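Participant: Sequence plus predicted model, see below.
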Amino acid sequence: MQASRSIPFVLFALVSASRIAAQNNGCPNVRASQVDARVEHGGDTSRCGLGVSFLGLGVGLFGPTCHERTFTYPSHQECKGEPSRGTRCEPAGRLQVKAESCHCVRATVLGTGFLIPSCECHESDDGGEVEDASTVACPIVDPHEH
């Protein structure tokens with residue numbers, strides 16, 4: 001009598017274990033994580049000084065800061081292992097990073113000898129790329145098919 005009671009329990013346990021294994025088969029239960037857009041600077045930094053021009057020579061103080069290189073990274077998603085039941089994170093292509101080369105320029109205020117500084121940037125082609133990712137639902141596996 002004791003053996004006949006344990007058989008249904010063993011069968012229930014085996015069916016439950018196979019169902020759980022089938023549901024998790026190939027599904028890591030993670031999602032893509034959002035990464036916000038950001039701007040980073042590289043190279044030297046200089047101060048574009050507000051100044052005076054005398055006999056073609058410019059002298060400057062104060063004014064805006066100019067970074068030699070500026071990189072603008074787009075918002076994207078990355079696979080960082082963030083938990084999410086029933087999903088997986090997959091690569092979704094590559095996105096361009098915008099790169100700019102910058103330098104100080106001074107515009108002369110006509111007839112005054114004063115120089116108005118600014119930082120002038122021009123787009124360049126060497127910004128690189130970042131990999132984008134996306135969250136995909138895992139397929140539902142029917143445990144009766146196995």
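Facilitator: Right, received. Where do you want to start? Residues are numbered from 1 along each chain as shown.

Participant: Do you have the helices of this structure handy? List them.
Facilitator: 2-24 (DSSP state H).

Participant: which stretches of it aren't confidently modelled?
Facilitator: 1-25, 50-62, 108-115, 141-146 (pLDDT under 70).

Participant: if you set the cut-off to 50 instead, what comes out?
Facilitator: 1-23 (pLDDT under 50).

Participant: give the contact list for residue 92.
Facilitator: 32, 77, 132, 133, 134 (Cβ atoms under 8 Å, 6 or more residues apart in numbering). Where C-beta positions appear, they are placed from N, C-alpha and C, glycine not excepted.

Participant: Just among those, which is most surrounded?
Facilitator: Within the contacts of residue 92, most neighbours by other Cβ atoms under 10 Å means residue 32, with 23 neighbours.

Participant: That one: what's it in contact with?
Facilitator: Per Cβ under 8 Å, 6+ apart, neighbours of residue 32: 77, 78, 79, 82, 89, 92, 133, 134, 135.

Participant: Report the beta-bridge partners for the closest residue to it other than its chain neighbours.
Facilitator: Distances taken as Cβ to Cβ, 6 or more residues apart in numbering place residue 77 nearest to residue 32, at 3.8 Å, with adjacent residues excluded. Judged by DSSP bridges, the bridge partners of residue 77 are residue 34.

Participant: Relative to residue 91, how far out is residue 77?
Facilitator: 10 Å (Cβ to Cβ, to the nearest Å).

Participant: Which residues are in contact with each of the two?
Facilitator: With Cβ under 8 Å, 6+ apart as the test, residue 77 and residue 91 both reach 132, 133.

Participant: thinking again about what came up before, and of the contacts of residue 32, the nearest to residue 44?
Facilitator: residue 78 (30.2 Å; Cβ to Cβ).

Participant: gap between residue 91 and residue 123?
Facilitator: 27 Å.

Participant: ugh, typo on my part, it should be residue 104
Facilitator: Taking Cβ to Cβ, one finds residue 104 at 18 Å from residue 123.
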